[in-house]
Every structure is written in C-alpha cells, then in structure tokens.
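Asker: After the sequence you'll find the predicted model.
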Amino acid sequence: MPALPSDNLFTFLRARFPANPDKAFLIEPDRRTWSYGDAVEQSARLANLFVSLGVAPGDRIAVQVEKSAEALMVYLAALRVGAVYLPLNVAYTSNEVRYFLGDAEPAIFICRPDDEATMEGIADNAGVRHLISLGTGGEGTLMALAAGQGDAFEDVERASDDLAAILYTSGTTGPAKGAMLTHGNLRSNAETLREYWRFTAEDRLLHALPIFHTHGLFVATNVTLAAGASMIFLPRFDAGELVRHMPEATVMMGVPTFYVRLLDRPDFTPDLAAHIRLFVSGSAPLSAETHKAFRERTGHAILERYGMTETNMNSSNPYEGERIPGSVGFPLPGIALRVTDPETGRVLHRETGVIEVRGPNVFKGYWRRPEKTAEDFRPDGFFITGDLGHIDERGYVFIVGRAKDLIISGGFNVYPAEVEAVIEALDGVAECAVIGVPHRDLGEAVVAVVKPVAGATIEQTGIIAAINDDLARFKQPRRIVLVDELPRNVMGKIQKKELREAYAGLFAPQADAPDAG
Ligand code: MLC
Ligand code: AMP
C-alpha cells in the first residue's frame, strides 16, 4: 500500500476501498443499498457539517441513536474530522446518559428524535454545543443539516496514538470509565483480523449486532471496510431475519445468544448455512454444548474469539486448524498474552491466573482517570484484563472465570456494584447482593438477593418500578429473591460464591416463577 498522508483510520480504510465506487458496502434489506461511493460522499457531508458547527480534532461526538446506515456514517465522519466518536447503548436511561455527557463533555450529542425534548436540559448542563437528532429512516435534524453540505472532504491528519473513540465501560467499583481507543489501536486490530479470518472483497457479513459496542462497531465494521467487503445490515437481532438473509451471506458474527436462538428454530436448517464460510462468536463464553449442537446441525465449527472494550480482540481460534469448544484460541499475531498470579503478578505457566495483554490493540487509558489507568497496567505495559484463564501446552487460551465482579447477560456487561447501589438506596431494603445465574438464552441472568429492613414489605414489581429510571432494562434483575440474611464470611464480606451456588438452578426449565419486569 502506498504511503498514507496520516494515520487517520478512515484514510487507511479508504485506501483499501474497492476501485469501483458502486460496489455495495451496506445492504439494508427492504430499505436501500449504500455503495462505497455513497459512504464516502455521505460521510463527507457529515464531516463538513461537523466542521461548520465548530468541531475541532479531539472534540467528542456522542451518539445515542438506533442502528441505521446513517448512524454508521456518523462514525466514519467523526473519524474523518479527527473527532472522538462516543457511542452510547440505546438502552441507557436519561439518568445514565447524564453521567456520560457530564464526564465526556462532547461538543455534539446526537440523540433519537423522540428523546430530543428530554435531552435538551441534560445536554445543556453538560456544555454540549449542539443537540442534533437522527431517527432510523434518516429523519430528525442531522440528515437535513448535512444535505446542504459538500460531498468532498479532506480527512484531518491524525497520529497513530490520537483518539478515535471513547467507549464507556464500568468496573467492579466506582463510576463508568471511558476507554480511550486510538486510530492505531483500531487499525492494527482491523488489519490483524482481516488477515486472520481471511476477509476479502468477496465477503458479505451478516450484521445483526448493535453498533455501540466493540463487537458490532469495530470488529464487524472495520474488518468489512478494511477488506472492501459488504455487510447485510439488519436493524437488530431477529432470528427469523437471520434465517431469511443467511443464504446471501458468507460470514456471520454474533454473541452466544444469537447461536442459541438460531438453534431453537426448526427452520434453521443446514442448507441455510451452506453458503457461509465463517461463523464467529464472542463477547461472552460460548458453551461447549452450543458449539457442538451447532456443528451437528450445520457442519460448521463456530470460531470463538476473545476481546474487550479496552483491548479490541486479543485471541482467536484458528481459521484453519482445530477450533476447540471452550477455548478462545491463540493470541492474535503481534499480541502478547500471559497468565499471572492475581496477588503477586508472578507469571504462571499452565496454571490458572489472571490474563494480561500487551500489544498495539491495547487502549491508551481511561478518559481523565490516570490513577485508574495506572492501576490496571503492569509496569512493563501489560493490561490486566480481570479474566481468569490458563494456556495449555499447545498454546490455546481458556477462560475459566473472572476476577472482576461482572455479569455478562446476552453479551451486555452488568456490574453488580452499580445495581446493588441503586437497590440499596430504596426504602425497605437493608442490603442486597447482585449475582449472575446461568440462563439458557442469555448465558447469565441478573438476580438480586435482597434482605428487607425488618418489618418492611417489599416485592419484586415494586423494586423494578423503583429502579426503572436509573438502570437500563438489561441491567435490571430478572428475578429478585428475598432473604432474611445474606451469607457472610468471618470478615463480614458477602459470600457471592455461596449465593451463586444456591441459586444456580433458578432459571432451570422446571423453575417456573416468572421473570421480573
Ligand atoms: C435486551 N434485554 C436484555 C438484553 N437485551 N436483558 C438482559 N440482557 C440482554 N442482553 C431486555 C429487553 O430490553 C427486553 O426488556 C427483554 O430483555 C427481552 O428482550 P428480547 O427481545 O429478548 O431481547 P433482544 O432485543 O432480542 O436482545 C437480546 C440480544 C441483545 C442478545 C439480541 O441483547 C444483543 O444484541 N446483544 C448483543 C450485545 C453485544 O453486542 N455485545 C458486544 C459487547 S463488545 P423488556 O422489558 O422491554 O421486555 C464486547 C467485547 C467483545 O463485549 O469481546 O466483543
Ligand atoms: P466488554 O467490557 O463489554 O468489552 O467485555 C469484555 C469481557 O467480555 C471480557 O473481559 C471477558 O470477560 C468477556 N468475553 C469476551 N469474549 C469472550 C469469550 N469468547 N469468552 C469468554 N468471555 C469473553
């Protein structure tokens, strides 16, 4: 590839776009197809709009909108102007959004048209200069404003370690932190995965993931763009729609819940998957049973890979060679992965410990939190993931648990500390412990074990109604269990392991109590 004028990720991707601008980039079934030429022009219009609104390199552009081609164009435009793209889960409540805007201080916030009135005050308080709206069909103010802009734009020069995006992620303690990802981080991972998974311009990716997280935004989109390939861009996960469009695709990426739900459909037959060359799973553990059942149904061994918001993708099962159920494969080329003793930091061999990662994929740190950043890195540059695992004699990595108190429900992360704090603030609640319980569909479901104040009458529906404004639906407990006492060790610490064991069967098929909500 010829020398590029700068390390701007868009400039790099654009150099790999197909020579024919009419080649399809985004296929939105029942709507329209966006060619590579359309993507370049539309992102230029948006880039010109952002510059006209005073966006300077390094400014944040925050977005909480439904998935659409236009929303993806905003991401590309943000890259082009050297802004920092900040996507937010559409499930976040306005109280949650208030925190993110206050912390990131974006220059622009793009929200759903229906949210505009609610967001006005919140955006104002956070110093947002422009509140703009975008709906699923392009309605709202954004596309109307962009329509009058020029369709050419010279990408702003960026260095490899300039920020391209901030993605918020919570922690075992403390408020959510913005993971700062650079142009270099995203470029290196896109290149590595394109090669490792053998993406070419002939590929068509079936895309049903949300585009506010690493998986759907960076892994799926950047790899497609870096290969000059196409995506069938579905607005959300719907197993029926996946079945309908699978014969047109060559690759699919999903969280384990996608595969569980596909297998639940009798009309998901092997012939539908015959045209696919690669099924990828990640963001949460794929059970060996699902891996096996999928192979039996379709003949395909799902390729499981392992990543994180802070690191992009770290490891992957091989494209050729054995894809081991329950393993997340080998460290990707150029990425070092090691296992250490969580207490001492001593490097372990074959034993289980905490997984650490170093490489060009690893983020620059947490936004405005240097002390938190320092805590999570070793002096030699390895990032401490908080995942527990081991590496076998062949080099395969296995994740066996988490040192961090984290629940992954349907691929979304839920931090128990955040849910506990909201429930414990309610009248009538003495204390509360939030745990993840095995759930066939979601992998893990959120369960709150609550000890009421003596004499207080509290019930599940009341608790859910009371927390609804503060916690996104996916963080809310699926079940609330009332207890007289929470188990504690001699130090007085709540024994979550004991609770997880006690309630492990809560969502087993015979357990017939209704879910919360
Ligand atoms: C939706 N709900 C969830 C949920 N998703 N509850 C718990 N966990 C979830 N993940 C809520 C809905 O609001 C709804 O509430 C109710 O559950 C039933 O919804 P549903 O129709 O069953 O859910 P659905 O819309 O089908 O969504 C499920 C899903 C979705 C699995 C398709 O959650 C999803 O797309 N997950 C992907 C997450 C992802 O992309 N993760 C990548 C992170 S990046 P109500 O009250 O309205 O009925 C990362 C790094 C890496 O981790 O390695 O990739
Ligand atoms: P997030 O913060 O949303 O990026 O979530 C990252 C976390 O998801 C990791 O730290 C792991 O705990 C988990 N994860 C991602 N991929 C896998 C996988 N293939 N198997 C098990 N856990 C995974």
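Answerer: The structure has been received and is ready for your questions. Ligands and ions are numbered 1, 2, ... in the order given.
Asker: What residues does the chain have near ligand 2?
Answerer: The chain has residues 169, 214, 282-285, 304, 306-309, 328, 385, 387, 399, 402, 408, 413 near ligand 2, with proximity defined as CB under 6 Å from any ligand atom. Any C-beta I mention is one placed from the backbone N, CA and C, and that applies to glycine too.
Asker: Apart from its neighbours in sequence, what residue is nearest Glu66?
Answerer: Of all residues not flanking Glu66 in the chain, Thr136 sits nearest, at 4.8 Å (CB to CB, 6 or more residues apart in numbering).
Asker: Per-residue pLDDT of the one you found, please?
Answerer: Thr136 is assigned a pLDDT of 95 by the prediction.
Asker: now do His245
Answerer: 98.
Asker: now swap in Gln510 and tell me
Answerer: The model's pLDDT for Gln510 equals 68.
Asker: just the one 5 residues further on next, same as before
Answerer: Listed pLDDT for Asp515 reads 62.
Asker: same check, this time on Thr173
Answerer: Thr173 is given a pLDDT of 77.
Asker: Tally up the residues packed near the closest residue to it other than its chain neighbours, please.
Answerer: Spatial nearest neighbour of Thr173, chain neighbours left out: Ala417 (5.9 Å); criterion: CB to CB, 6+ apart. Counted with other CB atoms under 10 Å, residues neighbouring Ala417 total 14.
Asker: next one: His439
Answerer: By other CB under 10 Å, neighbour count at His439 equals 21.
Asker: And for Asp238?
Answerer: The burial count for Asp238: 12, using other CB under 10 Å.
Asker: Check what pLDDT the residue lying closest to it once chain neighbours are set aside gets.
Answerer: Distances taken as CB to CB, 6+ apart put Ala208 closest to Asp238, at 7.3 Å, once the chain neighbours are dropped. For Ala208, the pLDDT comes out at 98.
Asker: Thought Ala249 was touching Ala208, still the case?
Answerer: No - judged on CB atoms under 8 Å, Ala208 makes no contact with Ala249 at a distance of 10.4 Å.
Asker: ok, and what's touching stretch 482-494?
Answerer: Outside stretch 482-494, the residues that touch it by CB atoms under 8 Å, 6 or more residues apart in numbering are Glu431, Ala433, Val449, Val450, Lys451, Pro452, Ile458, Gln495, Glu498, Leu499.
Asker: Quick one, which of the residues you listed are buried?
Answerer: By neighbour count, with 16 or more other CB atoms under 10 Å, the contacts of stretch 482-494 hold Glu431, Ala433, Val449, Val450, Lys451, Pro452, Ile458, Leu499 as buried.
Asker: got JSON lines for these, with secondary structure and distance to Met313 too?
Answerer: Shown next, in JSON lines, are the buried ones among the contacts of stretch 482-494 (DSSP: H, G, I helix; E, B strand; the rest coil; distance: CB to CB, whole Å):
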{"residue": "Glu431", "secondary structure": "strand", "distance to Met313": "38"}
{"residue": "Ala433", "secondary structure": "strand", "distance to Met313": "33"}
{"residue": "Val449", "secondary structure": "strand", "distance to Met313": "35"}
{"residue": "Val450", "secondary structure": "strand", "distance to Met313": "38"}
{"residue": "Lys451", "secondary structure": "strand", "distance to Met313": "41"}
{"residue": "Pro452", "secondary structure": "strand", "distance to Met313": "44"}
{"residue": "Ile458", "secondary structure": "coil", "distance to Met313": "43"}
{"residue": "Leu499", "secondary structure": "helix", "distance to Met313": "33"}
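Asker: what residues are up against Thr340?
Answerer: Arg346, Val347, Leu348, Gly353, Val354, Glu356, Ile384.
Asker: Go again with 7 Å.
Answerer: Arg346, Val347, Leu348, Gly353, Val354, Glu356 (CB atoms under 7 Å, 6 or more residues apart in numbering).
Asker: So among those residues, which ones count as buried?
Answerer: Using 16+ other CB under 10 Å, the buried ones in these are Leu348, Gly353, Val354, Glu356.
Asker: Go through those residues and name the one nearest Arg394.
Answerer: Leu348 (16.8 Å; CB to CB).
Asker: so the closest one sits right up against Val339, yeah?
Answerer: Yes - between Leu348 and Val339 a contact is recorded at 4.8 Å, counting by CB atoms under 7 Å.
Asker: and the residue nearest to Ala229 when sequence neighbours are not counted, what is it in contact with?
Answerer: Nearest non-adjacent residue to Ala229, counting by CB to CB, 6+ apart: Asp203, 3.9 Å away. Neighbouring residues of Asp203 by CB under 7 Å, 6+ apart: Ala227, Ala229, Thr250, Val251.
Asker: any chance you could map the helices in the stretch 151-300 of the chain?
Answerer: Assigned by DSSP state H, counting those that start in this stretch, the helices in the stretch 151-300 of the chain fall at 183-196, 214, 223-227, 239-245, 256-263, 288-298.
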